[in-house]
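Enquirer: What follows is a predicted structure for the sequence shown.
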Amino acid sequence: MLFRSKHENRHAIDQLEDEWRNAILKSNVTVMDRLLAEDYLAITASGLVQTKAQTLANLKSGHIHMTSLNFSDRKVRFYGRTAVVTSLAVIQATTTDADISGNYRYTRVYVRDSAGIWKIVSFEASKIRESGEHR
């Protein structure tokens with residue numbers, strides 16, 4: 001296993017988060033394919049479970065069109081070869097069915113493989129409800 005300092009690992013995860021953001025904004029399936037582990041699973045804000053293949057297909061199809069994606073309150077915690085990222089994401093986006101713009105909290109989990117490469121293995125998003133918004 002390759003040893004890296006906590007600072008180096010944090011920098012690597014921050015860069016991967018930026019790559020993920022840019023891939024989503026540009027619908028870059030090639031970059032997203034490289035970032036996601038083969039056994040990647042996501043739980044979307046609507047509660048759907050998506051595999052890597054489904055996530056890439058949705059990105060390629062244009063099902064989601066994101067025009068703005070900004071992060072704040074990012075926290076990165078390390079547990080051996082695993083990094084857990086939580087953050088607030090403010091997005092402007094539509095799907096083929098609806099406007100999904102809003103504020104979301106998310107958790108993304110990275111695992112470093114035997115070659116020292118970080119891959120995203122899990123993602124979950126929850127929309128932050130505004131006061132008085134229907135559930």
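Expert: Looks like it came in fine.

Enquirer: which residues sit against the longest helix along the chain?
Expert: Across the chain, the helix with the greatest residue count (assigned by DSSP state H) is helix 6-26. The contact list for helix 6-26 (C-beta atoms under 8 Å, 6 or more residues apart in numbering) reads 4, 28-29, 31-32, 35, 59, 64, 66-67, 69, 71, 74, 76, 78, 83, 85, 87, 108, 110, 118, 120. Every C-beta, even on glycine, is put in place using the N, C-alpha and C of the backbone.

Enquirer: what's the closest non-adjacent residue to Arg112?
Expert: Excluding its sequence neighbours, the residue lying closest to Arg112 (C-beta to C-beta, 6 or more residues apart in numbering) is Arg81, at 4.5 Å.

Enquirer: quick one, phi psi at the nearest residue to Gly62 once chain neighbours are set aside?
Expert: In space, Gly62 comes closest to Ser27 once its chain neighbours are excluded; the distance is 6.7 Å by C-beta to C-beta, 6+ apart. The phi and psi torsions at Ser27 (degrees, to the nearest 10) take the values phi 50, psi 40.

Enquirer: Thought Ser61 was touching Ser27, still the case?
Expert: No. Judged on C-beta atoms under 8 Å, Ser27 makes no contact with Ser61 at a distance of 9.2 Å.

Enquirer: Look at these two and report which has more neighbours.
Expert: Ser27 (17 against 11; other C-beta atoms under 10 Å).

Enquirer: How about the contacts made by the more buried one?
Expert: 59-60, 62.

Enquirer: residue ranges of the helices in this structure, please?
Expert: With DSSP H applied, the chain shows helices at 6-26, 29-35, 52-61, listed in chain order.
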